[in-house]
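**Q** Curious how this folds, go ahead:
(one chain, ligands or ions: 1)
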Amino acid sequence: MSIPGAGALPRPTPAYRWLVLVFASLAMFGNYYVYDALNPVVDLLREQQGFSYRQIGMLSSAYNLAALLVLLVGGYVIDRFGARRAIVAFAAVCVLAAAVSAAASSFPTLAAGRFLLGMGAEPLIVAVTAVLAKWFKGKELSFAFGLNLSISRLGSASADWSTSFAAPLYSNWQDPLWLSTGVMAAGLGAALLYWMLERRAEGRFYLGEAAATDRLDLRSLYRFSASYWYIVALCVVFYSTVFPFRSFAIDYFQQAHGLEREAAGILSSLLPVAAIFATPLFGLWVDRVGRRSLFMAIGSLVMLPLFLAVTYLPPGPDVMVTIPLVGSGEVPLTLLCVILLLGGVFSLIPAVMWPSVAYIVDDRRLGSAYALMTLCQQLGWIAVPLVVGALNDRYLAGPENPAGYAPGMWFYTALSSLGLFFAWRLWRAERGQGGHGLETITVGSNR
Ligand SMILES: NCCCC[C@H](N)C(=O)NCC(=O)O
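**A** Model (predicted):
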């Protein structure tokens, strides 16, 4: 919809644009914090509530199930009511979800809280993407996306760090979740400030045509190339490995490797922390050199042995890891190296994979392509925590039986090998006649 008299209005000033980015990203910080706030209380849920690993896996999958359902209509809601209202509404749903989870007294209520979170958090990501596209199209869009993702990951890292800066809350499982409700309430505040900024901009600035959102057109399913499907397949197995690994990681470091909660939180946080800095750098690098499918294959290859390395390699000497202003903890060198390598992969693959879709799919179908990819991502991500939880229970994983975690790690390894296979197929397809330029297009080349 064009704004009447738009031609006479100036484009927003850079300062206004960056302020928009700050508020939209703070809403995302809250979003990622709430999602990851469950990870450091897994051991407490098991001890104090008697939950099994299977139930922990179900809590994770409840989020994806809701996300799957709501993603089908999320684009419609954003188009119908506008991204401005959608951001506030979905952020409010996240606050409610966080409060329901924190107040829960039984497994079904906690699962309902996580389900509600999926209904708010994933469409909030879509709405923020639409907002950034609207304000930054034709300007610094990739950089804005990169910064937005880095601030979101800071939310994930902060949830891990809460084991240090909010250590006294961890006497029970609910207080850390109340803290996450407070953080998301601040995110809702940021969403409201964004709403005010956009309202104020109306009539002062020309914001362009309403941005296309990630709406799913199921007919597109048949029209995408093999390269697109290889990327989707890699996306499914990559995120179905990394996100569930993160969900169980703090508990795993505590039970299988004997780490204190603080140290486990600090170690787990290195994954998003590495990504905060490395993702934009990898993005800049790949824009210069191309070779996108090769980089995805290299990332998948590096990931392949990591889960077996944490299981079977000797732990090595303890080293002190300090996060300034947060805390410190002693962690075994092998675990530290593995998490740093995984952090590198967690930076490289997303930095290359998401933008690659834009090279192989026609602009008009990009919204559908991303929506379909996110939908498939949720499908894989639903299943894996259930399987890992069931494996941990089946093999009696726990501090007395650390070997019981090994089958779960083999499962992650099997998924990683599938990822490597899809990345290799993509590389072969892109090197051939039907390539879309993933290997060759660089900043300096003409498409
Ligand atoms: N709260 C973490 C879940 C984010 C899910 C989202 N659909 C996604 O994949 N984002 C990209 C990323 O790399 O975080």
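**Q** Now do stretch 120-129: everything it contacts.
**A** Stretch 120-129 has contacts (CB atoms under 8 Å, 6 or more residues apart in numbering) with 24-25, 27-28, 31, 34-35, 63, 66-67, 70-71, 74-75, 77-78, 83, 86-87, 90-94, 96-97, 145, 148, 213-214, 371, 374, 378. (Glycine included, C-beta is placed from N, CA and C.)
**Q** Dump the C-alpha coordinates for it into CSV.
**A** These are the backbone C-alpha positions of stretch 120-129, laid out as CSV (Å, rounded to 0.1, in the frame of the first residue of the first chain):
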residue,chain,number,x,y,z
GLY,A,120,4.5,-16.0,19.7
ALA,A,121,8.3,-16.4,19.2
GLU,A,122,8.5,-17.8,15.6
PRO,A,123,6.0,-15.3,14.1
LEU,A,124,7.7,-12.6,16.0
ILE,A,125,10.9,-13.5,14.1
VAL,A,126,9.0,-13.3,10.8
ALA,A,127,7.5,-9.9,11.8
VAL,A,128,10.9,-8.5,12.7
THR,A,129,12.3,-9.7,9.4
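**Q** Now do the same contact list for Leu21.
**A** Leu132, Trp135, Phe136, Ala144, Leu147, Asn148.
**Q** List just the nearest of the residues you listed to the ligand.
**A** Nearest to the ligand among the contacts of Leu21 is Asn148, at 10.3 Å by CB to the nearest ligand atom.
**Q** Please, which helix or strand holds the closest one?
**A** Asn148 is part of helix 141-165, with elements assigned from DSSP states H and E.
**Q** so Ile382 touches Leu65, yeah?
**A** Yes. When contacts are counted by CB atoms under 8 Å, Ile382 is listed as touching Leu65 (6.0 Å).
**Q** interface residues of the stretch 1-150 of the chain facing the ligand?
**A** Residues of the stretch 1-150 of the chain lying close to the ligand by CB under 6 Å from any ligand atom are Tyr32, Tyr35, Glu122, Ile125.
**Q** Spatially nearest residue to the first one (excluding sequence neighbours)?
**A** It refers to Tyr32. Leaving out its chain neighbours, the residue that sits closest to Tyr32 by CB to CB, 6 or more residues apart in numbering is Gly155, at 3.5 Å.
**Q** what's the answer for the second one, then?
**A** Among residues not flanking Tyr35 along the chain, Ala121 sits closest, at 6.0 Å (CB to CB, 6+ apart).
**Q** quick one: buried residues of the host helix or strand of the one you found?
**A** Following DSSP H and E, one finds Ala121 within helix 107-136. Neighbour counts using 16 or more other CB atoms under 10 Å place 107, 110-136 of helix 107-136 among the buried residues.
**Q** Show me the helices in the chain, by range?
**A** Chain-ordered helices for the chain, with DSSP state H as the definition, fall at 14-36, 42-49, 53-81, 83-103, 107-136, 141-165, 174-201, 226-257, 261-289, 292-303, 306-312, 333-360, 366-394, 406-431.
**Q** rank those by pLDDT, which is bottom?
**A** Mean pLDDT is lowest for helix 53-81 out of the helices of the chain, coming in at a mean of 87.
**Q** which secondary structure elements does it contact?
**A** Applying 3 or more CB pairs under 8 Å, 6 or more residues apart in numbering; DSSP states H and E, we find helix 53-81 packed against helix 42-49, helix 83-103, helix 107-136, helix 226-257, helix 366-394.
**Q** Tell me the residues of the stretch 251-400 of the chain that contact the ligand?
**A** Residues of the stretch 251-400 of the chain lying close to the ligand by CB under 6 Å from any ligand atom are Pro350, Thr374, Gln377.
**Q** for the last one, what are its contacts?
**A** Each residue near Gln377 by CB under 8 Å, 6+ apart is listed here: Cys235, Val236, Tyr239, Ser240.
**Q** Taking the stretch 1-150 of the chain, what residue is nearest to the ligand?
**A** Closest to the ligand within the stretch 1-150 of the chain is Tyr35: 3.7 Å, counting by CB to the nearest ligand atom.
**Q** what's the neighbour count on that residue?
**A** Neighbour count of Tyr35, defined by other CB atoms under 10 Å: 28.
**Q** show me the contacts for it.
**A** If a contact means CB under 8 Å, 6+ apart, then Tyr35 has Tyr63, Leu117, Ala121, Ser156, Ala159 as its contacts.
**Q** Roughly how far does the residue nearest to Leu366 when sequence neighbours are not counted sit from the ligand?
**A** Closest residue to Leu366 apart from its sequence neighbours, by CB to CB, 6+ apart: Ala358 at 6.2 Å. For Ala358, the distance to the ligand equals 15 Å [CB to the nearest ligand atom, to the nearest Å].
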